[in-house]
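In: Predicted model follows, preceded by the sequence.
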Amino acid sequence: MKLLCVEDNGAMQGLIGSMLLSGGAEVDYASNGREAVEAYELSEYDAILMDMEMPVMSGLEATREIRQIEYGFHLHHTPILFLTGHADDNRLAQFEAVGGDGHLCKPFTPEALLGALQGVLSLK
């Protein structure tokens, strides 16, 4: 399974990466939404784990751009799992509005991450 982890915090990238690698995933990393869109344009991913708040371009903006690329070029839907410290009703509506497939609140356990990831992968 090939995943893109989009997270601006290096320590969090390492933590998420170790959780995913232990599950047998191949993981690429991006530190902001712009890098995420660029990585998406260069490679195919089974799913994207997207932080919501990042410098340069937010996770919401990056997801919106990725969905526009998919639609414009008739590409298959890549599941996007939002990782966030805030999951109020307003945020959940924002995730849905831009085409997010699920969310997971930080902090989380490896089991919760892998479970949420399997949940969005089942939508594929």
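Out: Received, thanks.
In: Excluding chain neighbours, what is closest to Asp46?
Out: Using C-beta to C-beta, 6 or more residues apart in numbering and skipping residues adjacent in sequence, the residue nearest Asp46 is Met1, 4.8 Å away. C-betas here are computed from N, CA, C, even on glycine.
In: who's in contact with that neighbour?
Out: Taking C-beta atoms under 8 Å, 6 or more residues apart in numbering, we find Met1 in contact with 23-26, 46-47, 121.
In: Kindly recompute the last result at 10 Å.
Out: Under the criterion of C-beta atoms under 10 Å, 6 or more residues apart in numbering, the contact list for Met1 reads 20, 23-27, 45-47, 117, 121.
In: swap in Met52?
Out: Applying C-beta under 10 Å, 6+ apart to Met52 gives the contacts 6, 33, 58-60, 62-63, 82-87, 91, 94-95, 100, 103, 106.
In: Give the ranges of residues in this structure that sit below the confidence cut-off.
Out: The chain contains residues with pLDDT under 70 at 124.
In: quick one, strands of it?
Out: Assignment of strands within the chain using DSSP state E yields the ranges 2-6, 26-30, 47-51, 80-84, 102-105.
In: In JSON lines: these, plus distance to His74 and mean neighbour count.
Out: Output for the strands of the chain, formatted as JSON lines (distance: least, C-beta to C-beta, whole Å; neighbours: other C-beta atoms under 10 Å):
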{"stretch": "strand 2-6", "distance to His74": "21", "mean neighbour count": "23"}
{"stretch": "strand 26-30", "distance to His74": "24", "mean neighbour count": "18"}
{"stretch": "strand 47-51", "distance to His74": "19", "mean neighbour count": "26"}
{"stretch": "strand 80-84", "distance to His74": "18", "mean neighbour count": "23"}
{"stretch": "strand 102-105", "distance to His74": "24", "mean neighbour count": "18"}
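In: how about the ones you listed in TSV, adding distance to Glu38?
Out: Below are those laid out as TSV (distance: least, C-beta to C-beta, whole Å):
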stretch	distance to Glu38
strand 2-6	11
strand 26-30	8
strand 47-51	13
strand 80-84	16
strand 102-105	23
